[in-house]
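**Student:** the amino acid sequence is not available; the structure is as follows:
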């Protein structure tokens, strides 16, 4: 350690001295410092008293029936069948429309020698029957949306890559798998991939890892071509409001760093310079979306969370990393302001034509920000190139109403499809009374289209088939590829028996509405975490 | 993007322990349960501050441990292994539980929960003190609380805490120092330290 100077207060050494974690040199230096520093003597006494109090808490034995409960739990699951995606009941939504996914399957065979597991097995009457009945039940509940009015796209339903976390004791391994093969990513602090985004030019992947032991999130940018790894955030909190936002030209990535004290600020990553810059330092700022650019700068919507209503500000962001200071107060430097709006998420058309945005009263707790009252997601169309984010648009969940006590959404996760028309909402945390039986359901993914012509964006009918996520305890991430395709990372049911290690499945879904069940393909096997899929950033319109 | 498609084929990964019979597994597990069920329960209780939840998390911890027994390469490392499972299970439960009940209900339940073990006056006074310490602990961020409990209640070294939390030795020392500072402030609020 460095020499202690007068005025230093080495709290870390004081803490370490209680547990015997000091070297002889450190002990000698600390003793010398304590002899002349009354403040540190006070701190040491307080730390020692705190340790004495905690260590003296009474030991509470477990309930007497813990043993029988554990044994019953073990015995009841001892003879589990094959994982859900290999069971006949899981063959939902597959058989009737296998032909249409044949091209995708063929592509896998042609471009890779690697093994590929598919959920679908045709000719299972039980599976077909289950799928049909579920689809019918869903239709009975509410009318199915009409076919999407989105512009046609030459959609390749297959993701271009996936982050794969391999559970291999004692070392875990993280790899980026593409058609070119699997490449290990040298992250020191492993965790399970929970979010990933590909840059517009396809050269960089920005991704987040959730530390299972710490519950904290690390984020990195990784250049596929040469393996350059740039840390973006370390040991931060997770939040449904964290986004990776690339500028349309890919020259800058905006993201939110949410620290352990729940303070949030927007940072920028410049791939060209392989460096990061802090954009805000208010402690309450979240990255929303880019909204236009010129040769030297881009406009970025930044939202400032507040215990009452949030606000959003459009700030100018340089497209090259230079020596500039963060914005102290975004409100004084914004060229547009929207009071009451939080996290504008503009669709990826150029220029953007729709923006999803949150409104409501926010609150902060130890896990970060959420909506405490009246939280609702709205879809706002552009009018003459601008968005009325604070008051315009319609509710994304058309039929839900904010209840008298303010109960509504605490949060949800949202993602646009590359076509700018499709979108998905998942991880819905609805604090109000559910509509019917289980709507909205935090376990389900809702897949809507702005231009579907129904006049409603998300109702219960837009939920993916229940069978698509059967057996999953959590939808970790969703990636969309055009108007019909989704890749889901599903954390699997705890009863699968391998849950100490993260167990998830990457599932590719071709979405159908009406009586046609979705088509489902699964990748990998249990025992690994197949992280979020990476779709191509842009899909060209069909000729 | 033509031709850029993904294919993944990953087999179950190898584990470090030679195959043993179900009876041997059960015997190993029974020893682990006998030795660690009580300290794990106590640790989880201090993490979540609620007896019912602590019992459920402890139950899930040992069920998971049984099913992951093949990843335990050495019984001498069982303690850190079990605490890590318990920690992951508790964090998962806290994440999932976050929106299940209205804000503040945990604290209310904690206060409303009667002491099921009435005893001599000293125990009652001790219980009241425990409640104040527990209240201070519950004000800490989860990773601070976890680190502090592992150090002060479970008497783990920074190295051992790192094994449980998946952190480096240096990171644990820093985290523990911050946790102590935060706990000092909370105990001051409770009037227990200066």
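**Tutor:** Everything's here; your move. Please read these numbers as outputs of a predicted model, since none were measured by experiment.

**Student:** which residue ranges of chain B form helices?
**Tutor:** Counting by DSSP state H, chain B has helices at residues B:22-48, B:51-67, B:78-97, B:105-112, B:121-138, B:142-148, B:158-165, B:169-189.

**Student:** in chain A, which strand is the longest?
**Tutor:** Ranked by residue count under DSSP state E, the longest strand found in chain A is strand A:368-381.

**Student:** helices or strands next to it in the packing?
**Tutor:** With contacts defined as 3 or more C-beta pairs under 8 Å, 6 or more residues apart in numbering or on different chains; DSSP states H and E, strand A:368-381 has these neighbours: strand A:354-365, strand A:394-395, strand A:409-416. Using the backbone N, CA and C atoms, a C-beta is placed for each residue, glycine as well.

**Student:** can you point out the buried residues in stretch B:177-191?
**Tutor:** Neighbour counts over stretch B:177-191 (16 or more other C-beta atoms under 10 Å in any protein chain shown) mark B:177-184, B:186-187, B:190 as buried.

**Student:** near chain A too, which of the residues you listed?
**Tutor:** Subset of those in contact with chain A: B:177, B:180-181, B:183-184, B:187, counting by C-beta under 8 Å from any C-beta of the partner chain.

**Student:** so which of the residues you listed comes closest to chain A?
**Tutor:** residue B:177 (4.0 Å; C-beta to the nearest C-beta).

**Student:** can you report how many residues lie near residue A:437?
**Tutor:** 8 (other C-beta atoms under 10 Å in any protein chain shown).

**Student:** OK, contacts around it?
**Tutor:** Contacts for residue A:437 (C-beta atoms under 8 Å, 6 or more residues apart in numbering or on different chains) come out as none.

**Student:** wait, what's in contact with residue B:181?
**Tutor:** residue A:11 are the contacts of residue B:181 under C-beta under 8 Å, 6+ apart.

**Student:** per-residue pLDDT of residue A:120, please?
**Tutor:** Looking at residue A:120, its pLDDT stands at 27.

**Student:** residue A:274 is in contact with residue A:228, correct?
**Tutor:** Yes: with contact defined as C-beta atoms under 8 Å, residue A:228 counts as touching residue A:274 (6.2 Å).

**Student:** checking the closest residue to residue A:509 other than its chain neighbours next. Helix, strand or coil?
**Tutor:** Nearest non-adjacent residue to residue A:509, counting by C-beta to C-beta, 6 or more residues apart in numbering or on different chains: residue A:486, 4.7 Å away. Classification of residue A:486 using DSSP: H, G, I helix; E, B strand; the rest coil returns strand.

**Student:** residue A:486 contacts residue A:511, doesn't it?
**Tutor:** Yes: the pair residue A:486 and residue A:511 qualifies as a contact (C-beta under 8 Å) at a distance of 6.3 Å.

**Student:** and the two? Which one has more around it.
**Tutor:** For the pair residue A:486 and residue A:511, the greater number of neighbours falls to residue A:486 (27 against 24), based on other C-beta under 10 Å.

**Student:** got any ranges where chain B has weak pLDDT?
**Tutor:** Of all residues in chain B, those with pLDDT under 70 make up the ranges B:1-21, B:95-127.

**Student:** domain ranges for it?
**Tutor:** Residue ranges for the domains of chain B, per automatic domain parsing: B:17-113, B:115-194.

**Student:** quick check: residue A:425 vs residue A:256, distance?
**Tutor:** Per C-beta to C-beta, to the nearest Å, residue A:425 is found 19 Å from residue A:256.

**Student:** before we move on, back to that, contacting residues for the residue nearest to residue A:509?
**Tutor:** Counted by C-beta under 8 Å, 6+ apart, residue A:486 has contacts A:424, A:445, A:447, A:464, A:478-480, A:508-509, A:511.

**Student:** and which of these is nearest to chain B?
**Tutor:** Of all the contacts of residue A:486, residue A:508 has the smallest distance to chain B: 8.9 Å, by C-beta to the nearest C-beta.

**Student:** the closest one: which element?
**Tutor:** Element membership for residue A:508, per DSSP states H and E: strand A:504-510.

**Student:** what is the helix or strand following that strand packed up against?
**Tutor:** Beyond strand A:504-510 on the C-terminal side, the first helix or strand identified by DSSP H and E is strand A:519-523. Applying 3+ C-beta pairs under 8 Å, 6+ apart, one finds that strand A:519-523 contacts helix A:98-111, strand A:504-510.

**Student:** lowest-confidence stretch among these?
**Tutor:** The weakest mean pLDDT among those belongs to helix A:98-111, with a mean of 25.

**Student:** excluding sequence neighbours, find me the nearest residue to residue 55.
**Tutor:** Since no chain was named, I'll use chain A. Closest residue to residue A:55 apart from its sequence neighbours, by C-beta to C-beta, 6+ apart: residue B:152 at 4.9 Å.

**Student:** think we crossed wires, I meant chain B
**Tutor:** The spatially closest residue to residue B:55, leaving aside those adjacent along the chain, is residue A:63, at 5.1 Å (C-beta to C-beta, 6+ apart).
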